[in-house]
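Trainee: Got a sequence here, can you model it:
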Amino acid sequence: MKKLQTLAVFCGSSTGSNPRLAEGAEELGAAMAKKHLSLVYGGGNRGLMGIVAQSLYERGGNVIGVLPEALNRKDVRLHTVENELIIVPTMHERKAKMYSLADAFIALPGGIGTLEEILEIFTWLQLGYHQKPVAILNLAGFYDKLLDFLSYSVKQGFLKQDHLDALIVDQDIDSLLDKLEGWKPKLSDKLSP
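Mentor: Here you go, the predicted structure:
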């Protein structure tokens, strides 16, 4: 894997009800600044996504927002926290652009959009469409039930154990970033028995 330089972060456009989630988002931005990692995010500077972007931006880090035209509105973009904002026509093009710009992917807590983004890029890894690390920052155990479901999918024969093992999961930001930097792909073929 090439040197880690740019992280795509998927997370909520809300802050959620647990204050630890907003704290973790701010800490991730600060940790990225220390490691000189650029951020690629969805461009709507609200909620957890806005906190990560603001935290990195305030520390002199590079922030790239990718926003579909329909969301380029004042109620979505409250203020500027990007060095570069890329406007694309659709959500599909937003994800494709984010995926192409990133060296690795992290999910913080979020709703169905966050789940869709992280599970899609994890699926692409499983199918061999990319060889970039995919991670979940499991702040306050937010993703415990999802991880239980993924383990259940292995037991039921719908997900291979080595594919699940390729998903990096950690509660500690520095540990997670270290795991991303040291990740090496070792996945079996999805379609082989």
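
Trainee: can you list contacts of stretch 126-144?
Mentor: 1, 18, 20-21, 24, 28, 99, 102-109, 118, 121-122, 124-125, 146-147, 160, 163, 166-171, 173, 176, 179-180, 183, 185, 187, 189-190 (Cβ atoms under 8 Å, 6 or more residues apart in numbering). In this view, the C-beta of every residue, glycine as well, is placed from N, C-alpha and C.

Trainee: same deal with stretch 109-116?
Mentor: 10-14, 16, 21, 48, 107-108, 139-140, 142-143, 146.

Trainee: that older thread, can you flag the buried ones in the contacts of stretch 126-144?
Mentor: With burial judged by 16 or more other Cβ atoms under 10 Å, the buried subset of the contacts of stretch 126-144 is 21, 24, 28, 99, 102-109, 118, 121-122, 124-125, 146, 160, 163, 166-170, 173, 176, 179-180, 183.

Trainee: when you check these against the helices, which ones overlap?
Mentor: In helices, judged by DSSP state H, the following of the buried ones among the contacts of stretch 126-144 are found: 21, 24, 28, 99, 118, 121-122, 124-125, 146, 163, 166, 173, 176, 179-180.

Trainee: Mind listing what's buried along the helix or strand harbouring K97?
Mentor: Applying DSSP states H and E as the criterion places K97 in helix 91-101. Applying a neighbour-count criterion of 16+ other Cβ under 10 Å, one finds 91, 94-95, 97-99, 101 buried in helix 91-101.

Trainee: elements contacting that helix?
Mentor: strand 6-10, strand 38-41, strand 63-68, strand 84-88, helix 112-127 (3 or more Cβ pairs under 8 Å, 6 or more residues apart in numbering; DSSP states H and E).

Trainee: Please repeat the previous calculation with a cut-off of 6 Å.
Mentor: Helices and strands touching helix 91-101, by 3 or more Cβ pairs under 6 Å, 6 or more residues apart in numbering; DSSP states H and E, are strand 63-68.

Trainee: quick one, the strand it packs on and helix 91-101 angle?
Mentor: Angle of strand 63-68 versus helix 91-101, following axes from the mean of the first three to the mean of the last three Cα atoms, to 10 degrees, is 150 degrees.
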